[in-house]
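In: Quick one, what's the 3D model for this:
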Amino acid sequence: MNKETFAEALENRILLFDGAMGTEIQRYQPNSEDFPDGKDGFNDGLSTTKPDWIKEIHRKYLTAGADCIETNTFGSNKIKLDEYGFGSQTVELNQKNAELARSVCDEFTDRQRFVIGSMGPTGYLPSSNDADLGQMPLSQIRDAFELQAEGLIKGNADALLIETSQDILEVKLAVEASHIAMEKTGKKVTLISNVTLDQYGKMLLGTNVQSAYTTVSEMGIDVFGLNCSTGPIEMEPSIQWLNDQKHKPLLVIPNAGMPENVGGQAVYKMTPEKMASALNSFIEEYPQINIIGGCCGTDPEHIQQLRKIIDQQKKD
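Out: Residues are numbered from 1 along each chain as shown. Below you'll find the model as predicted:
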């Protein structure tokens, strides 16, 4: 098999990302003893205490047809890891997670599979005036992302994915941190910047998609995307605007529909077939879309259906 870079694959075809990680972890019904130091809820830490669980989740998505798997590092920036007492191991934990994902990708020899370094938010909102969430120094947020990006790059991630972002200032800091980490490690990887919009097309603090895109599109990112928060239907007006810019490849990774409150739990009811149908329409109508996948509520069955529509596009 000829080795292909992620950047080359992005130019050549539509790439399929995996689905949700957290809900797949819950299928194992973890208890506090399963987590590092008994830190209940420390999902990213399961890559060290229960690596077989994480490998199995990765494997299921790749078997379903995903081209790319995200590392189990959504909450592995230093600020988040500090909450569990593991901040001093930020680089090491991210590197190990990327290496674990790489080892599973290497099991598949039919075509090149890629490791995407997941970088979720810190939990702070630096643009806000909130007495708690808005008071974290910007340099501290940037440094937290820099250490994470450094570990992911050292673990041979093919791309960095800044995802589920709700504050555009934090996105800027994460993008800057990623460039610093690339310079520090001497390795350039694809940089993807995602934002999360509500059903009205705005980020948590009111930034609309036009402002978000304008803010980061000239910061050396390679792909701009939308993930989480809503299902595909609610994303379409924003996708249409982004597609009309004809500037950057687009990533579209929605939830399995809008969440519904069932007994105090968020439940996502969009079936794999309905989600595939919606994203198939997007691919046909918006040619800037180069990456699709699933966020909350999606599982290997959703990814399997998305694989079918991409393969059908090739035939057509």
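In: following the helix or strand where Lys80 lies, which helix or strand comes up?
Out: Taking DSSP states H and E as the definition, Lys80 sits inside helix 78-83. Tracing the chain C-terminally past helix 78-83 and defining elements by DSSP H and E, one meets helix 90-105 next.
In: Buried residues in that following helix, which are they?
Out: Neighbour counts using 16 or more other CB atoms under 10 Å place 90-91, 93-102, 104-105 of helix 90-105 among the buried residues. Every C-beta, even on glycine, is put in place using the N, C-alpha and C of the backbone.
In: Check stretch 307-316 too.
Out: Using 16+ other CB under 10 Å as the burial criterion, the residues of stretch 307-316 that qualify are Arg307, Ile309, Ile310.
In: What average pLDDT does that stretch get?
Out: For stretch 307-316, the mean pLDDT works out to 87.
In: could you dump that stretch to PDB, C-alpha only?
Out: Written as PDB, here are the backbone C-alpha positions of stretch 307-316 (Å, rounded to 0.1, in the frame of the first residue of the first chain):
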ATOM      1  CA  ARG A 307     -19.400   4.900   4.300                       C
ATOM      2  CA  LYS A 308     -22.100   3.700   1.900                       C
ATOM      3  CA  ILE A 309     -23.000   7.100   0.700                       C
ATOM      4  CA  ILE A 310     -19.400   8.100   0.100                       C
ATOM      5  CA  ASP A 311     -18.800   4.900  -1.800                       C
ATOM      6  CA  GLN A 312     -21.900   5.500  -3.900                       C
ATOM      7  CA  GLN A 313     -20.600   9.000  -4.700                       C
ATOM      8  CA  LYS A 314     -17.500   7.500  -6.100                       C
ATOM      9  CA  LYS A 315     -19.500   5.200  -8.400                       C
ATOM     10  CA  ASP A 316     -21.700   8.000  -9.600                       C
END
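In: Check the offset of that stretch from the chain's centre.
Out: Its chain's C-alpha centre lies 23 Å from the corresponding centre of stretch 307-316 when counted by CA atoms, centre = their mean, to the nearest Å.
In: who touches it?
Out: Stretch 307-316 is touched from outside by 13-14, 16, 64-66, 276-277, 279-280, 283-284, 292, with contacts defined as CB atoms under 8 Å, 6 or more residues apart in numbering.
In: This structure: strands as residue ranges?
Out: According to DSSP state E, the chain carries its strands in the segments 15-16, 68-70, 114-119, 159-162, 190-195, 223-227, 250-253, 260-262, 265-267, 289-292.
In: Identify the residues contacting Leu242.
Out: When the contact criterion is CB under 8 Å, 6+ apart, the partners of Leu242 are Val209, Tyr213, Phe224, Leu226, Lys248, Leu250, Gln288.
In: List the contacts of the residue lying closest to the third one once chain neighbours are set aside.
Out: I take that to be Phe224. Once its chain neighbours are removed from consideration, Phe224 has its nearest residue in Lys248; the separation is 4.7 Å (CB to CB, 6 or more residues apart in numbering). Neighbour list for Lys248: Ser217, Ile221, Asp222, Val223, Phe224, Leu242, Gln288 [criterion: CB under 8 Å, 6+ apart].
In: Got a quick ChimeraX command for the buried subset of the residues you listed?
Out: Command for ChimeraX, covering only those of those found buried under the criterion 16+ other CB under 10 Å:
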select :221,222,223,224,242,288
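In: Verify the stated contact: Met275 with Cys296.
Out: No. Distance between Met275 and Cys296: 11.8 Å, which falls outside the contact criterion (CB atoms under 8 Å).
In: more crowded one of these two?
Out: A count of neighbours by other CB atoms under 10 Å puts Met275 above the other of Met275 and Cys296, at 28 against 22.
In: quick one: Leu306 and Asp299 touch, right?
Out: No. Leu306 lies out of contact with Asp299 (CB under 8 Å); the separation is 11.5 Å.
In: Tell me which of those two has more neighbours.
Out: Here Leu306 and Asp299 are compared on neighbour count by other CB under 10 Å; more neighbours surround Leu306, at 28 against 21.
In: residues touching the more buried one, list them.
Out: Residues in contact with Leu306, defined by CB under 8 Å, 6+ apart, are Leu16, Gly65, Pro272, Met275, Ala276, Leu279, Ile292, Gly293, Gly294.
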